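Novice: here's my sequence, what's the structure:
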Amino acid sequence: MERSQINDILEESDRFIRSFGYVLPPFAYWSPNEMRTRTATDARDIRANRLGWDITDYGQGKFDELGLFLFTVRNGSAADLAKGRGMLYAEKIMISRKDQLSPMHRHSIKAEDIINRGGGKLVLELFASTEDGSIDASADVAVLTDGVERKLAAGSLLKLEPGESVTLMPGVWHAFWGEGADVLIGEVSTVNDDLTDNVFREPIGRFSTIIEDDKPRHLLVSDYDIWL
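Specialist: Next comes the predicted model:
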């Protein structure tokens, strides 16, 4: 992805999020220089726990078809998770554009609530896992939708209206996209680790390769190891 495209997506996404009355935290708007200074002094956890902007085309170069906007608002640490106490949770706000696919994947550790916060329908394609973690194309998959258990046939499409949510436990394979309009998505989960806890069905990457054709308006979490 080109940096100029990422800058445009940042601006568009912020407007879309604000249209639903959700406002991102102050560090979302720090310049790269302020982010560099602050994460070296009083805001080390922002870098350590990878809070902030995240725009991905999964390395495929076709964001409008295959991609996702995310912002990690809060996130605990792997150390706390290993101890079983401390900040064991994370929160994200995401945007799935109309017909924009977030590809089939699962998590080994993270359990997550995926919430339709507004816009169109959020559609999820769901599969259970076999014992070795691969997709089970024959078994039903059980999920909770706002506290109500539902059993769905393998590959079923679960459609969430605004206000509805689904709880996905580790091992549940899922892909999702917006139907009818762009969708604002909330995610509440156990500690999030996008570096190691995403298993994709296809051999694709989690982050984008960036062509630096412009200066970054704000840094992405994938920029931190390079820019900070």
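Novice: buried ones in the longest helix that the chain contains, by neighbour count?
Specialist: Counting by DSSP state H, the longest helix found in the chain is helix 3-18. Buried positions in helix 3-18, judged by neighbour count with 16 or more other C-beta atoms under 10 Å: 3, 5-7, 9-10, 13-14, 16-17. For the C-beta atoms, the positions are set from N, CA and C on the backbone; glycine is no exception.
Novice: and it, what does it pack onto?
Specialist: For helix 3-18, the packing partners by 3 or more C-beta pairs under 8 Å, 6 or more residues apart in numbering; DSSP states H and E come out as strand 52-56, strand 68-75, strand 89-96, strand 173-190.
Novice: make a markdown table out of those strands and add mean neighbour count and distance to I115.
Specialist: Formatted as a markdown table, the helices and strands packed on helix 3-18 follow (neighbours: other C-beta atoms under 10 Å; distance: least, C-beta to C-beta, whole Å):
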| stretch | mean neighbour count | distance to I115 |
| --- | --- | --- |
| strand 52-56 | 23 | 18 |
| strand 68-75 | 22 | 13 |
| strand 89-96 | 21 | 10 |
| strand 173-190 | 20 | 4 |
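Novice: turn those strands into a markdown table, columns for mean pLDDT and distance to Y22.
Specialist: Putting those into a markdown table (pLDDT from 0 to 100; distance: least, C-beta to C-beta, whole Å) gives the following:
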| stretch | mean pLDDT | distance to Y22 |
| --- | --- | --- |
| strand 52-56 | 98 | 15 |
| strand 68-75 | 98 | 10 |
| strand 89-96 | 98 | 6 |
| strand 173-190 | 98 | 7 |
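Novice: nearest to P216 among these would be which one?
Specialist: Proximity to P216 (C-beta to C-beta) singles out strand 52-56 among the helices and strands packed on helix 3-18, at 9.5 Å.
Novice: quick one: contacts of that closest one?
Specialist: Strand 52-56 is contacted by residues 1, 6, 9-10, 27-28, 46, 63, 67-72, 194, 206-208, 218-222, 224 when judged by C-beta atoms under 8 Å, 6 or more residues apart in numbering.
Novice: if we can go back for a sec, mind putting the buried residues of helix 3-18 into CSV with distance to S138 and pLDDT?
Specialist: CSV is the format used below for the buried residues of helix 3-18 (distance: C-beta to C-beta, whole Å; pLDDT from 0 to 100):
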residue, distance to S138, pLDDT
R3, 45, 98
Q5, 41, 98
I6, 41, 98
N7, 45, 98
I9, 39, 98
L10, 42, 98
S13, 39, 98
D14, 43, 98
F16, 39, 98
I17, 39, 98
